[in-house]
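Asker: no sequence for this one, just the structure:
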């Protein structure tokens with residue numbers, strides 16, 4: 001027994017398996033042109049993605065430009081019921097007589113209100129709002145608030161538009177927003193000398 005106690009214990013059996021032969025994934029080396037192309041593509045995508053996001057955001061706000069103006073200036077859009085409302089040309093002549101500094105040359109009927117406009121085709125022009133029911137001028141000013149005009153300039157011309165070139169928006173109201181012009185069915189153009 002004493003001899004057995006002095007003997008070294010038998011080594012424990014361990015099974016050693018060889019490591020599996022894994023092939024290391026080789027990363028494809030890019031040449032200098034390919035690296036340049038990947039970086040350029042990445043930066044161009046970021047710049048244009050941000051640009052398109054800003055265009056979409058500003059365009060969605062512009063869809064409600066007239067509603068924003070109506071909310072900020074409700075007194076301009078008052079329409080009084082009348083048996084004999086004033087016609088567009090009468091509104092034009094009244095504004096020409098009372099406010100010659102506006103240089104009024106046209107009238108646009110918008111939701112019952114006569115919007116008497118100057119020689120510019122844009123929304124940056126100071127206009128007169130006339131209630132045809134009472135024949136009263138309910139407001140004088142730009143059709144749209146300043147921040148909406150800024151968004152319109154950004155959306156249409158990337159802040160490079162001259163003020164007179166951004167024209168009206170909305171269904172059936174303009175054929176082009178960066179070039180002068182207006183939808184003919186919505187605007188009555190008249191010269192004061194020809195109509196007097």
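Answerer: Thanks, I have it. Quick caveat, the model's predicted, so the values are computed rather than measured.
Asker: check contacts around residue 90.
Answerer: residue 135 (CB atoms under 8 Å, 6 or more residues apart in numbering). (Glycine included, C-beta is placed from N, CA and C.)
Asker: Need the pLDDT of it.
Answerer: Residue 90 carries a pLDDT score of 93 in this model.
Asker: Remind me which helix or strand it belongs to.
Answerer: helix 88-98 (DSSP states H and E).
Asker: Check residue 150 too.
Answerer: Counting by DSSP H and E, residue 150 is part of helix 146-157.
Asker: Okay, strands next: where are they in the chain?
Answerer: Using DSSP state E, the strands assigned to the chain run over residues 106-110, 113-117, 126-131, 136-142, 187-189.
Asker: Need the mean per-residue confidence for stretch 142-160.
Answerer: Mean predicted confidence for stretch 142-160 is 88.
Asker: Could you do stretch 59-66 as well?
Answerer: 92.
Asker: First-to-last residue distance for that stretch?
Answerer: End-to-end distance of stretch 59-66 (CA to CA, to the nearest Å): 13 Å.
Asker: So what's the residue count around residue 47?
Answerer: 10 (other CB atoms under 10 Å).
Asker: do you know how far it is from residue 153?
Answerer: Look at residue 47 and residue 153: by CB to CB, to the nearest Å, they are 20 Å apart.
Asker: Also residue 125?
Answerer: Residue 125 is 14 Å from residue 153, by CB to CB.
Asker: Contacts only, for residue 104.
Answerer: Residue 104 makes contact with 92, 95, 96, 116, 117, 118, 128, according to CB under 8 Å, 6+ apart.
Asker: let's go with 6 Å and repeat that
Answerer: 92, 95, 96, 116, 118 (CB atoms under 6 Å, 6 or more residues apart in numbering).
Asker: again, but for residue 130
Answerer: The contact partners of residue 130, taken as CB under 6 Å, 6+ apart, are 91, 114, 137.
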